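Enquirer: quick one: sequence and predicted model below, then my questions.
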Amino acid sequence: MRPDDRASDSRLDRFESYNVLVPGETIVMEPFARFAEPGHLFNYSKSAIRAIEVLELFRATGRRLKAREIARALEIGPSSADQLLKTLVDGAYLQFDPSTKLYWPSPRTASLAGGLAARLGNDILLEHFIETARNDLDRNVNIAISQGTAMQIIMGRLRRPEIEWPSNRPGELGTSLIPIGTRVPLFGSSSGAAWLSMQPRDIILSCIAQCRRELGPLADTPEQLLTTLDQVREQGYAFGGISVRNNAWGISMTFPPTEQGIRHVVSVSDGHAALERDRDRIVDYLRQKIAQLPA
């Protein structure tokens, strides 16, 4: 790790973008371009996230659980877990068996999950997509979405599946540790470049204006950025690296837009040499798998 790669308070003062904003060159971003891990937002409500993670845990394990198992999996104290579980039972989202001390989702939760699944449509297939891609490519795979001036990692599969749970525990991306929910800069990341390349010119210019502090002098030469994004659009994927604690490289490609107009971005990550060596194979694989998704 180079001296200027050091993180401060889980965030970087600066990070470097390789081959993304300017092909073949390394760009040092301004200090405002930072990785934001979950929990760093103003007025952050941890209990809201914990409630969803409890339901995710039931889905992952597929069995009834005791309070101590839930507390251990979510890495929270017994009293906090007890309060959270009692609240979910009180709201009829969980059911509790006093004789066995076991919890399980209630029919209200099943109805909610089923209704959302019907409305999310092909979004549900993304989890299967990255699971299959991870197994076939033997690499880390994640999916990100645009969240204003950042790209947020919303799901991922690691090369080593035994450390996938819980969803908010830091997971490996390349050789670095990045939790689900992390926001990476829109400009300077391969996922951001892939997403931007599919946007109309006015949206890109608006994003450049919003990210002026992060881009610094690069914001004064939007045509250079537009040209780079044209090249990404033509080749159909973005390729590059970002430095966070150590180097992580990615090959990123967009899915077709959802019914709501949302574009998800899939990224395959590894070290630079490994991705460069297998770049064509990975790109061909992603293209074929995306083309096979239902319209």
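Expert: Happy to help now that I have it.

Enquirer: use CA for all of it now, contacts and neighbours both
Expert: Noted.

Enquirer: helices of this structure, start to end?
Expert: Listed in chain order, the helices of the chain (DSSP state H) span residues 46-61, 67-74, 78-90, 107-120, 125-137, 190-197, 201-210, 212-215, 222-235, 272-277, 279-291.

Enquirer: residue nearest the centroid of this structure?
Expert: Closest to where the C-alpha atoms of the chain average out (CA atoms, centre = their mean) is Ile153, at 1.1 Å.

Enquirer: quick check: buried residues in stretch 232-244?
Expert: Judged by neighbour count using 16 or more other CA atoms under 10 Å, the buried positions of stretch 232-244 are Val232, Arg233, Gly236, Tyr237, Ala238, Phe239, Gly240, Gly241, Ile242, Ser243, Val244.

Enquirer: which one is Tyr237 nearest to, not counting chain neighbours?
Expert: Excluding its sequence neighbours, the residue lying closest to Tyr237 (CA to CA, 6 or more residues apart in numbering) is Met253, at 4.8 Å.

Enquirer: ugh, wrong one, I meant Glu127
Expert: With sequence-adjacent residues excluded and distances taken as CA to CA, 6+ apart, Glu127 is closest to Met155, at 7.5 Å.

Enquirer: what about the one you found, distance to Thr26?
Expert: Taken as CA to CA, to the nearest Å, the spacing of Met155 relative to Thr26 amounts to 28 Å.

Enquirer: circling back to that earlier point, roughly how far does the residue nearest to Glu127 sit from Glu56?
Expert: Counting by CA to CA, the separation of Met155 from Glu56 is 12 Å.

Enquirer: looking at those two, which is more packed in?
Expert: Set side by side, Met155 and Glu56 show more neighbours around Met155, with 19 against 15, by other CA atoms under 10 Å.

Enquirer: residues touching the residue nearest to Leu102 when sequence neighbours are not counted, list them.
Expert: Excluding the flanking residues, the one nearest Leu102 by CA to CA, 6+ apart is Lys66, at 4.7 Å. Under the criterion of CA atoms under 8 Å, 6 or more residues apart in numbering, the neighbours of Lys66 are Lys101, Leu102, Tyr103.

Enquirer: and the closest residue to Ala194 other than its chain neighbours, how far is that from Phe32?
Expert: When the adjacent residues along the chain are set aside, Ala194 lies closest to Ala238, with 5.3 Å between them (CA to CA, 6+ apart). Ala238 sits 23 Å away from Phe32 when distances are taken as CA to CA.
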